[in-house]
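S.K.: Generate coordinates for the sequence data below:
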Amino acid sequence: MRRKSPLTGRSRASLRRPFQALVMVFAVAVGALAWSAPVQAHGTVVGPGTRAYQCWKTWGNDHTNPAMQTQDPMCWQAFQANPDTMWNWMSALRDGLGGQFQARTPDGTLCSNNLSRNASLDKPGPWKTTTVGNNFSVHLYDQASHGADYFKVYVSKQGFNPKTQTLGWSNLDFITQTGRFAPAQDITFPVQTSGYTGHHILFVIWQASHLDQAYMWCSDVNFG
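M.R.: The predicted structure follows:
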């Protein structure tokens, strides 16, 4: 015989059912979070810093400062367009390109990796630059340690003006393609160039190893 609660008159079994349902909902939610966390953890080129990373690093803790509009107008327009571009600087990826980077990334969308939410990164203008020499290193930080099948590295042609022109494939010189890298949070590799002066765009493609995920970024460099 079922006993009833002295306060409600309801059976203990009927009281347990809502509690059990709540526990199940909570467990599902926790499981979903645990499953999604690794998917959200990716990386970017932090040296020379990509456009989104540079804006986050410089203004992330001060993104409401009106001085950004005059001191760093390209980061300002990016924050106005979509702050999530900077908050999620590590997530500029597309799945399943199968190495068809040029065929599936139209001119004018290279810096955003053809992601509409990151379109502000394609805008030409006075982006802040990192000074490099003819020979420099590219540093990827990958918080999830995915590893790399390879990196492809390009530099905008001499005479291309990042302040007034959007980047297309014909504006790039191919520099190098690396080999594979084992999973690690920090990957660094050398890049050798010659003949470049002034403001250029360093364009890097990272083909991650864990899945067919392609990341594309623009870093603004000044060849001193």
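S.K.: Tell me where the protein has helices.
M.R.: For the chain, the helices defined by DSSP state H occupy 12-40, 51-59, 68-71, 73-81, 84-87.
S.K.: which outside residues touch the second one?
M.R.: In other words, helix 51-59. Residues external to helix 51-59 that are found in contact with it (Cβ atoms under 8 Å, 6 or more residues apart in numbering): 44-46, 49, 65, 68, 72, 74-75, 78-79, 85-87, 89, 92, 111, 118, 121, 127-128, 130, 217-220. All C-beta atoms are positioned from the backbone trio N, CA, C, and that covers glycine.
S.K.: again, but for the fourth one
M.R.: Contacts of helix 73-81 from elsewhere in the structure, counted by Cβ under 8 Å, 6+ apart, are 51-52, 54-55, 58-59, 63, 68-69, 85-86, 119-121, 123, 125-128.
S.K.: picking up where we left off before, in PyMOL, how would I select the buried members of the contacts of helix 51-59?
M.R.: In PyMOL syntax, the buried subset of the contacts of helix 51-59 is picked out as below (16 or more other Cβ atoms under 10 Å):
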select buried, resi 44+45+46+49+68+72+74+75+78+79+85+86+89+92+111+118+121+127+217+218+219+220
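S.K.: Quick one: residues contacting residue 49.
M.R.: Residue 49 makes contacts with 57, 130, 219, as judged by Cβ under 8 Å, 6+ apart.
S.K.: Please apply the same query to residue 117.
M.R.: By Cβ under 8 Å, 6+ apart, the neighbours of residue 117 are 82, 84-85.
S.K.: what do you get for residue 120?
M.R.: Residue 120 touches 77-78, 80-82, 85, 112, counting by Cβ under 8 Å, 6+ apart.
S.K.: distance of it from residue 46?
M.R.: 19 Å (Cβ to Cβ, to the nearest Å).
S.K.: cool, residue 210 as well?
M.R.: Residue 210 sits at a distance of 20 Å from residue 46 (criterion: Cβ to Cβ).
S.K.: Please apply the same query to residue 91.
M.R.: Residue 91 is 14 Å from residue 46, by Cβ to Cβ.
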